[in-house]
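Colleague: sharing a sequence plus its predicted fold:
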Amino acid sequence: MPAIILAIANQKGGVGKTTASVNIAHILSESQRVLLVDNDPQGNATKCFIQERVAPDSDTLTLYSDNPDDPVAPMVISDRLGLLGTHIHLAAVAERTFEVIFDFRARIHSLRDHYDIIVVDCLPNFGYLLNAALISADYILVPIEMDIFALDGLRDLMGSVERIRNRHNQGLKMLGILPNKVHGAKTRIEKQIEEELMRLYGRLMLGTQITQSIKIPESHANALAITQHAPDSQQSQQYRQLTDELLSRMATMEARP
Ligand SMILES: Nc1ncnc2c1ncn2[C@@H]1O[C@H](COP(=O)(O)OP(=O)(O)OP(=O)(O)O)[C@@H](O)[C@H]1O
Ligand SMILES: [Mg+2]
């Protein structure tokens with residue numbers, strides 16, 4: 001089976017895309033062949049793996065090359081986990097012509113036979129890099145923070161996803177919306193926003209939510225997944241539960257005619 005491509009995206013910054021990408025990739029790699037693509041010039045996902053913001057010889061920029069002879073050589077993180085780290089010139093992709101998004105699609109699809117799942121950590125703005133990921137992906141997962149800005153951001157994102165689905169990628173499916181950094185005892189505003197999200201997006205809301213904890217930034221500082229840094233923490237268990245929920249959602253969606 002060719003790899004599933006999962007884009008973790010939200011044009012809103014700081015909501016937990018990189019944290020979700022890194023942790024889901026780690027947990028999946030316990031039993032599947034996983035490639036994590038750091039599709040963000042900030043390089044946060046790369047830093048979470050190798051404590052550097054750029055990966056020396058294996059980088060996402062090669063996915064934007066129109067030369068099929070340019071080798072794509074992911075860095076081996078562990079037996080079943082590969083990384084395409086960011087590159088200092090990744091931001092300059094925005095200055096090329098729009099065809100780069102189709103180069104990215106062709107290159108990332110050519111990697112599908114080598115993995116079971118490819119997770120793409122996206123940057124927080126609309127533009128070629130995000131569009132490249134969305135025209136290539138099978139699924140999109142959207143982490144959010146439960147604040148009043150989440151609703152506007154989601155509306156914009158849903159519009160873009162719909163446009164991409166209609167024009168370039170009919171197979172793109174919304175896998176779910178993931179509330180992140182939720183307070184242990186939900187605040188009144190979080191409860192109100194949750195109600196509104198359920199009303200607007202119902203079945204797209206995931207059952208799993210990730211609560212706030214200092215252990216998450218600590219895990220990043222140590223270049224570890226939460227399951228390695230604090231295996232018994234609530235967030236480690238929530239990320240395991242989330243990964244199971246995503247896999248079972250994908251299985252249900254695939255089974256649908
Ligand atoms: N559950 C959590 N509890 C506490 N802090 C968290 C949690 N999830 C993420 N964070 C922290 O929030 C910050 C933003 O997270 P992250 O980098 O994953 O977001 P992002 O959406 O990828 O950001 P960007 O849009 O800049 O790429 C980081 O400092 C991270 O450590
Ligand atoms: Mg990020």
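Modeller: Arrived safely. Ligands and ions are numbered 1, 2, ... in the order given.

Colleague: residues from the stretch 151-257 of the chain in reach of ligand 1?
Modeller: Where the stretch 151-257 of the chain comes near ligand 1, counting by C-beta under 6 Å from any ligand atom, the residues are 180, 181, 210, 212, 213, 216, 217, 220, 235. All C-beta spots, glycine's among them, are computed from the backbone N, C-alpha and C.

Colleague: make CSV from the residues you listed and add pLDDT to it.
Modeller: Converted to CSV, those look like this (pLDDT from 0 to 100):
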residue, pLDDT
180, 97
181, 97
210, 98
212, 97
213, 98
216, 98
217, 97
220, 96
235, 98
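
Colleague: which residue ranges of the stretch 151-257 of the chain form helices?
Modeller: Using DSSP state H, counting those that start in this stretch, the helices of the stretch 151-257 of the chain run over residues 188-201, 215-221, 226-229, 234-255.

Colleague: and of those, who's closest to residue 104?
Modeller: Proximity of those to residue 104 was assessed by C-beta to C-beta; the nearest stretch is helix 234-255, lying at 22.2 Å.

Colleague: mind listing what's buried along that closest one?
Modeller: Taking 16 or more other C-beta atoms under 10 Å as the neighbour-count basis, helix 234-255 is seen to contain the buried residues 235, 236, 238, 239, 240, 242, 243, 245, 246, 247, 249, 250.

Colleague: does residue 72 touch residue 63 like I think?
Modeller: Yes: in this structure residue 72 lies within contact range of residue 63 using C-beta atoms under 8 Å: 6.5 Å.

Colleague: now for these two: what residues contact both?
Modeller: 84, 107 (C-beta atoms under 8 Å, 6 or more residues apart in numbering).

Colleague: more neighbours, these two?
Modeller: Between residue 72 and residue 63, counting by other C-beta atoms under 10 Å, residue 63 is the more crowded of the two (27 against 19).

Colleague: now the more buried one. Its backbone dihedrals?
Modeller: Backbone geometry at residue 63, expressed as degrees, to the nearest 10, gives phi -70, psi -20.

Colleague: which ones are touching it?
Modeller: For residue 63, the contacting residues are 37, 72, 84, 103, 104, 107, 108, 132, by C-beta under 8 Å, 6+ apart.

Colleague: ditto for residue 150
Modeller: Contacts were defined as C-beta under 8 Å, 6+ apart; by that measure residue 150 touches 12, 15, 144, 193, 197.

Colleague: those residues into TSV, with extra columns for pLDDT and neighbour count?
Modeller: Below are the contacts of residue 150 laid out as TSV (pLDDT from 0 to 100; neighbours: other C-beta atoms under 10 Å):
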residue	pLDDT	neighbour count
12	95	21
15	97	23
144	97	24
193	95	21
197	96	19
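
Colleague: so where's this protein shaky on pLDDT?
Modeller: Within the chain, the stretches with pLDDT under 70 are 55-56, 257.

Colleague: who's in contact with whichever residue of it sits closest to ligand 2?
Modeller: Ranked by C-beta to the ion, the top residue of the chain for proximity to ligand 2 is residue 18, at 3.2 Å. Residues in contact with residue 18 (C-beta under 8 Å, 6+ apart) are 40, 44, 45, 48, 121.

Colleague: is it true that the first one touches residue 127?
Modeller: Right, residue 40. No: taking C-beta under 8 Å as the contact criterion, residue 40 and residue 127 are not neighbours in contact, 11.2 Å apart.
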